[in-house]
Structures are given as structure tokens and as C-alpha cells.
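> using only what follows, build the 3D model:
(one chain, ligands or ions: 1)
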Amino acid sequence: MLRRMFCKLGATGLASMAISKQISALEKVAGAPAKKWAIIYGSKCGSTKEYAGFINEGLGGIAEVIDIEKTTPKTDDYDFFIIGGWRNGNDVMPQKIPSFVNDNKSVLNNKVKGMFVVLGNQGKPTLKPEMTTFLNNKLIIPSGAKDVAGKIFFGRYDPDCGKLGGSPYNNVNKDDGVAFGQKILSENQTGIFKSSSSMNRVADLYCSSGFFGRSSTVNYTIPVSGHVELSVCSIHGQKVATMVSQYQNAGFYKVPLRGKNLAPGHYICRLEVAGILKTISATITK
Ligand SMILES: Cc1cc2nc3c(=O)[nH]c(=O)nc-3n(C[C@H](O)[C@H](O)[C@H](O)COP(=O)(O)O)c2cc1C
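Here you go, the predicted structure:
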């Protein structure tokens, strides 16, 4: 049975890789505790519900996806929230979404990490500044959150579901939803992923393609000399393998990704040197 590891482009920008299972064992190390994520949404005709699922896919499936019409989540039960609804005129729907944000502002301002609105724009999937203003005014500003990712998604109109007028359209885009989840994840790596102080200096990290046994490596360039930590972590922030932990001079390096013991699933490759942090997301499938 062959396992392949694909690195997707993270927020910091990277390529892809593949590994086989012939590679040698990885060192197991302790890591940070997992954080609990919730995606709260409301949907009339299904597109917002679909986006909530896509976002969770981008998070690697770690979130609980909650329909606010059925359940009002307890804010104490979760560490991070992503919240979204759909647009009807000057309102985010269902009303329970903005109400949940307003009622829990004092807690959410630290916990909400992503907010989104699904809208139709009469079937034209073109971002307009007023849409961003709408999202800001209706959800992001009322949440009181400072570092929150926002996203406008284009939905669908099905006259059988809601009365809007005009022709039906469907602009639901799974890739956009998944990418938003990945972006939020990469911006909120917890515990060991906590960000560095000198992000203005750039390290490059990417994975070569092809089966690992023959050609796949993790490649990286460090702009300064220092102690280098190159590791593989679970999406919950637990380090599962250390690939490099030693002093290295500035330059380009290639390291075989030893992944024999990695179960299929989503992972993060993490490179740190002299306070510079670079991460990429990776998925191992059987
Ligand atoms: C009654 C109604 C009013 C809507 N008003 C707007 C609107 O003002 N602006 C807009 O861009 N889209 C509008 N839409 C489009 C919805 O935002 C879009 O269909 C969205 O995908 C619905 O989400 P849902 O599938 O989760 O219910 C409206 C749709 C309905 C049914």
C-alpha cells in the first residue's frame, strides 16, 4: 500500500510533495494540546451550509459545524469560532447569526478567527467593495475581534427555495471555501505554531514532487545562520516528527521527509530559524 504526502500551498506559499511508506521512522515528540474549533452558520437554501463544510475541509475537518437554527453553541465549549450567514438586503441571515455575535461579543472578540457572508449579487460573482463593507459592518466590527479573516462567498439562487426574482444561478465554489479554511488554519496555528517576531525576513520551504523513495524531499532556504528546527506537526498543533534540529549556515538544504509512521491525514511542515517561521500544510492519503 502506498502513502503519498502532498503539500498544499499554505498562507506562506509552497508547493507539493509525495512520499512513499518506505521511508524511515519519525521521532515522536510531545506537543501542544488541541484547540476546539466551531463553525457556526445559518442557511436557507443550502449554500452557506456547504461553505461551512468546505471551510471545515480546509481546516482538515477539525471543527464542529453547527447550524445555529438547530443549536446555539456555548462559547465556553470552544477555543475558536468561524461564523457566517447569507445576505438578504441589509441583513445577515438568519437573524440568529448577528444576534449570536452581539450577545457573545465579550468572549468572541478573542475567539472568532473567521467570518463570512454568502451572497448572490444577482448571479455575478464579482467582488465589490460594498460587500466587504457589509461583512465588516454586520459581523466583523460587531464581534469586536481584531485579527479575524473575512470572506465574501458567492452563493446560489434557486427559486424553489426563496423568492428573489431573476434567473437562477449557482456560483458556489468549493475551492474558495477550502482555501478560506486553510488560510484561517495557517493564521492561527496554536501552541508550537505561535508566530515569530521577525516575519519580514523570508525563509523558503517547499516539498519536491514525486514518490518520496525516489525523489521527494523537503527543500528549504534559510536567509540567516542559526539553530534550525524543521518539523512535521498535526493540524492540532502537536509536533509528530523532528526532521532537522541543529545549527545550520544560511543557504539551501534538502532533507528527505521520513514519513513511514505518519498515518494518512493532514499535517503541517514547519521551519523555524532565528525567529523566522515558515509553514506549509500537507496531506497524506493512502
Ligand atoms: C429572499 C432573498 C433575498 C436576498 N437578498 C440578497 C441581497 O440583498 N444581496 C445579495 O447579493 N444576495 C441576496 N440574496 C442571495 C442569497 O444571498 C444567496 O442566494 C445565498 O446563496 C443564500 O444562501 P443559502 O443558500 O445558504 O440560503 C437573496 C436571496 C434571497 C432568497
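> the ligand contacts on the protein?
Residues of the chain found near the ligand (Cβ under 6 Å from any ligand atom) are 43-48, 86-89, 118-121, 155-157, 162-164. C-betas here are computed from N, CA, C, even on glycine.
> out of those, which end up buried?
Buried members of the residues of the chain next to the ligand, counted by 16 or more other Cβ atoms under 10 Å: 43-45, 47-48, 86-87, 118-121, 155-157.
> farthest pair within those?
43 and 121 (17.4 Å; Cβ to Cβ).
> and the helix or strand encompassing residue 98, what does it pack against?
Using DSSP states H and E, the element containing residue 98 is helix 96-103. Applying 3 or more Cβ pairs under 8 Å, 6 or more residues apart in numbering; DSSP states H and E, one finds that helix 96-103 contacts strand 37-41, strand 80-88, helix 141-143.
> one more pass at 7 Å, please.
Counting contacts by 3 or more Cβ pairs under 7 Å, 6 or more residues apart in numbering; DSSP states H and E, helix 96-103 is packed against strand 80-88, helix 141-143.
> next helix or strand past it?
Using DSSP H and E, the helix or strand that follows helix 96-103 in sequence is helix 105-111.
> ok, now which ones touch the residue in the stretch 51-200 of the chain positioned nearest to the ligand?
Residue of the stretch 51-200 of the chain nearest the ligand, by Cβ to the nearest ligand atom: residue 155 (1.9 Å). By Cβ atoms under 7 Å, 6 or more residues apart in numbering, the contact list for residue 155 reads 47, 48, 86, 118, 119, 120, 171, 172.
> distance check, it against residue 179.
16 Å (Cβ to Cβ, to the nearest Å).
> also residue 276?
Applying Cβ to Cβ, the value for residue 276 to residue 179 is 24 Å.
> what of residue 167?
For residue 167, the distance to residue 179 - Cβ to Cβ - is 28 Å.
> ok, residue 139 next?
Residue 139 sits 19 Å away from residue 179, going by Cβ to Cβ.
> looking at these two, which has the bigger crowd around it?
Higher neighbour count among residue 139 and residue 179: residue 139, with 24 against 18, using other Cβ atoms under 10 Å.
> isn't the more buried one right up against residue 115?
Yes. The criterion here is Cβ atoms under 7 Å, and residue 139 meets it with residue 115 at 4.4 Å.
> shared neighbours of those two, anything?
In contact with both residue 139 and residue 115: residue 83, using Cβ under 7 Å, 6+ apart.
> wasn't residue 266 part of a strand?
Yes. Counting by DSSP: H, G, I helix; E, B strand; the rest coil, residue 266 is found in a strand.
> assign a three-state SS to the nearest residue to it once chain neighbours are set aside, would you?
The shortest distance from residue 266 to any non-neighbouring residue, by Cβ to Cβ, 6 or more residues apart in numbering, is to residue 60 (3.5 Å). Classification of residue 60 by three-state DSSP places it in coil.
> phi and psi next, for the residue positioned nearest the centre of the chain.
For the chain, residue 182 is the residue whose C-alpha lies nearest the centre (Cα atoms, centre = their mean; 2.3 Å). When read as degrees, to the nearest 10, the backbone of residue 182 gives phi -60, psi -40.
> where's the nearest residue to it once chain neighbours are set aside relative to residue 74, distance?
Residue nearest to residue 182 in three dimensions, not counting chain neighbours: residue 58, with 4.2 Å by Cβ to Cβ, 6+ apart. Using Cβ to Cβ, we find residue 58 at a distance of 24 Å from residue 74.
> how about low-confidence regions in this protein?
By pLDDT under 70, the low-scoring segments of the chain are 1-34, 189-217, 257-261, 264, 281-286.
> tell me the domain boundaries of it?
Listed domain ranges for the chain are 4-32+191-285, 37-187 (source: automatic domain parsing).
> Serialize the contacts of residue 155 to CSV and add fields for distance to residue 248 and secondary structure.
Shown next, in CSV, are the contacts of residue 155 (distance: Cβ to Cβ, whole Å; DSSP: H, G, I helix; E, B strand; the rest coil):
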residue, distance to residue 248, secondary structure
47, 48, helix
48, 47, helix
86, 50, strand
118, 46, strand
119, 49, strand
120, 52, coil
171, 47, coil
172, 46, coil
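> this completes my enquiry, with thanks.
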